[in-house]
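>>> Output the structure for:
(one chain, ligands or ions: 1)
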Amino acid sequence: MNTCDTVIIGSGPGGYVAAIRCSQLGQNVTLIEKNVIGGTCLNVGCVPSKALLQAGHTYQEILHAEKFGITASGTLDFEKTQVWKNTQVVQKLRSGVTQLLKKNKVNVVFGEAKFTSKSSLSVSFEGKTEDYTFKNLILALGSRPIEIKAAPFGKRIVDSTGLLNIPFLPKTLSVIGAGYIGSELAEAFAAFGTKVTLIEATPGILPGFNTKLSDLVKRNLTKLGVTILTDALVLSSKEDEDKVTLTYKKADQEQTLESDLVLVSVGRRPNTDLININASGIELDPKGFVKVNKKSQSSNPNIYAIGDITAGLALAHKASYEAKIVAEVISGHPSLIDYKAMPAVCYTTPEIATTGKSLEECLALGLKAVATDFPLAANSRAIAASKTEGFVRIISDEKTKLILGAQIAGVSASEIISVVTLAIETGLTLEDIALTIFPHPSVSEAIMDNTEAGLGYPIHI
Ligand code: NAI
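Just a heads-up that it's a prediction; the model follows:
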């Protein structure tokens with residue numbers, strides 16, 4: 001029996017951050033991982049998908065450089081792209097995290113953990129099993145892709161992990177589900193030259209976002225050659241040696257679609273069903289998420305849950321934030337979770353990013369809020385980059401001018417959204433930003449310009 005103080009299960013952006021912070025705060029930490037260090041985000045999620053998107057964008061920029069007076073031609077070696085992504089991005093970051101864990105004296109144990117009681121686990125690795133007891137446990141188990149009966153995973157029907165690691169470039173790809181994963185990977189593969197069809201059950205793509213933002217993405221995907229079928233439901237699939245045939249229903253008509261590969265990206269489910277949770281005394285909600293309080297503590301007071309296994313969006317930065325709070329709670333600090341401003345980004349073209357509350361959410365809460373839009377077509381850096389599509393929307397309190405939220409579509413949206421997140425966290429008003437000096441020219445200036453417009457004295461519009 002191994003007797004431990006703080007045990008963490010899962011080494012994704014929730015688990016490894018919790019391990020490092022717990023160790024920094026003086027705890028003796030054991031981190032258990034059944035796969036490789038880094039979790040979904042680093043190995044088979046956010047990071048490799050951004051790498052493929054970057055490669056696809058570079059390829060498109062080479063093919064369309066005429067407007068800059070550049071005549072260029074490009075050929076793609078997708079196998080080399082994959083080797084670069086795997087070695088220079090994923091493996092590099094994984095070994096970085098491994099080093100960080102070592103430097104912070106985290107005891108890393110490889111194996112699959114399962115609860116044996118409310119305060120003990122068994123960990124199995126290569127046929128051997130060891131037992132562990134813990135004073136405190138942080139569950140950071142992550143999530144996995146949802147499988148649908150109409151298109152079960154197979155050789156040519158894959159999840160995001162399968163598509164990200166595909167060794168060849170498919171000529172045709174059907175994507176079921178146009179959420180974050182479906183839209184980003186549809187764009188990446190269309191940019192490489194694959195003929196992509198996006199099949200979405202609801203009336204629009206990226207249903208979580210305001211249509212003012214998602215319509216811009218839809219327009220660009222169409223420009224890239226992606227066929228978008230909305231209000232379309234996949235009924236069945238047939239996998240052959242060299243293709244997959246999907247049958248789907250749209251406008252009450254059944255149709256078929258053939259492609260080399262099918263990606264199913266209809267959401268993710270929490271991995272709470274894989275760990276003998278019944279023995280732990282933890283309560284789950286009907287969807288399998290761990291019920292937690294403001295300290296991210298489960299119904300077993302010695303067990304905390306963070307990241308994708310708790311309710312809310314499955315976002316790496318949400319998991320890391322919760323990890324740091326939980327580490328402090330276990331160390332006796334009076335810390336609480338507060339999602340005042342949770343950014344969310346979809347890395348499509350244009351990038352779309354949100355933080356804080358939308359205008360609709362503010363109005364539903366009875367807040368007297370107003371929204372101001374500033375177009376990137378009036379931003380000199382965006383013009384110089386020939387990327388003027390999009391806008392910055394900032395939501396503020398009508399009377400106090402306190403900044404409540406933002407929605408940004410456009411180049412660098414994933415970067416400049418942090419300005420507004422910081423403003424919300426620190427309680428800034430429109431005037432505070434309007435009086436801040438932003439570098440010129442920069443895309444972030446659109447935020448300053450927006451606040452001036454919100455105050456009624458715009459310069460650039
Ligand atoms: P999602 O919830 O974002 O989108 C799933 C989509 O599939 C929705 O549009 C839904 O209407 C559609 N759908 C569901 N069932 C369907 C069916 N049978 N036929 C056709 N369409 C159907 O889920 P996704 O894209 O799998 O991503 C999972 C999670 O991963 C997200 O909630 C997100 O938090 C996270 N993620 C975040 C990223 C980021 O931050 N940039 C990138 C990728 C994923």
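
>>> how about the residues of this protein near the ligand?
46, 148, 176-182, 184, 199-202, 207, 233-234, 265-268, 313-315, 345-347 (Cβ under 6 Å from any ligand atom). Using the backbone N, CA and C atoms, a C-beta is placed for each residue, glycine as well.

>>> Sort out which of those residues are in strands and list them.
176, 199, 233-234, 268, 345-346 (DSSP state E).

>>> Buried ones from those, can you make that a ChimeraX selection?
Burial among these is assessed by 16 or more other Cβ atoms under 10 Å; the matching ChimeraX selection reads:
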select :176,199,234,268,345,346
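
>>> Columns pLDDT and distance to residue 303 on top of the ones in strands among the residues of the chain next to the ligand, output as TSV?
Shown next, in TSV, are those (pLDDT from 0 to 100; distance: Cβ to Cβ, whole Å):
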residue	pLDDT	distance to residue 303
176	98	35
199	98	40
233	98	39
234	98	38
268	97	22
345	98	31
346	98	33
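
>>> Turn the ones in strands among the residues of the chain next to the ligand into CSV, including distance to residue 129.
CSV is the format used below for these (distance: Cβ to Cβ, whole Å):
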residue, distance to residue 129
176, 39
199, 44
233, 44
234, 41
268, 29
345, 41
346, 42
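
>>> Go through the ones in strands among the residues of the chain next to the ligand and name the one nearest residue 380.
residue 345 (23.7 Å; Cβ to Cβ).

>>> need the contact list for that closest one.
351-354, 413-414, 417 (Cβ atoms under 8 Å, 6 or more residues apart in numbering).

>>> now those in CSV, with neighbour count and pLDDT?
Formatted as CSV, the contacts of residue 345 follow (neighbours: other Cβ atoms under 10 Å; pLDDT from 0 to 100):
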residue, neighbour count, pLDDT
351, 23, 98
352, 27, 98
353, 27, 98
354, 26, 98
413, 28, 98
414, 16, 98
417, 25, 98
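
>>> strands paired with the longest strand along the chain, and their directions?
Longest strand in the chain by number of residues (criterion: DSSP E): strand 128-139. With DSSP bridges as the test, strand 128-139 is paired with strand 2-9 (parallel), strand 120-125 (antiparallel), strand 303-305 (parallel).

>>> what's downstream of it, the next helix or strand?
strand 143-145 (DSSP states H and E).

>>> Keeping just the C-alphas, turn stretch 196-205 into CSV.
Extracted C-alpha coordinates of stretch 196-205, given in CSV (Å, rounded to 0.1, in the frame of the first residue of the first chain):
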residue,chain,number,x,y,z
VAL,A,196,-15.0,18.8,-47.1
THR,A,197,-18.7,18.5,-46.4
LEU,A,198,-19.9,19.7,-43.0
ILE,A,199,-23.2,18.2,-41.8
GLU,A,200,-24.8,20.0,-38.9
ALA,A,201,-28.1,19.0,-37.2
THR,A,202,-29.1,22.6,-36.1
PRO,A,203,-29.9,25.5,-38.4
GLY,A,204,-26.4,27.1,-38.2
ILE,A,205,-22.8,26.2,-37.6
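
>>> buried sites along that stretch?
Buried residues in stretch 196-205, counted by 16+ other Cβ under 10 Å: 196-201, 204-205.

>>> now, among those, which is nearest to the ligand?
Relative to the ligand, the closest of the buried residues of stretch 196-205 is residue 201; by Cβ to the nearest ligand atom it sits at 3.6 Å.

>>> Run through the residues that contact the closest one.
Counted by Cβ under 8 Å, 6+ apart, residue 201 has contacts 177, 231-233.

>>> Quick one, which of the residues you listed are buried?
The buried subset of the contacts of residue 201 - by 16+ other Cβ under 10 Å - is 177, 232.
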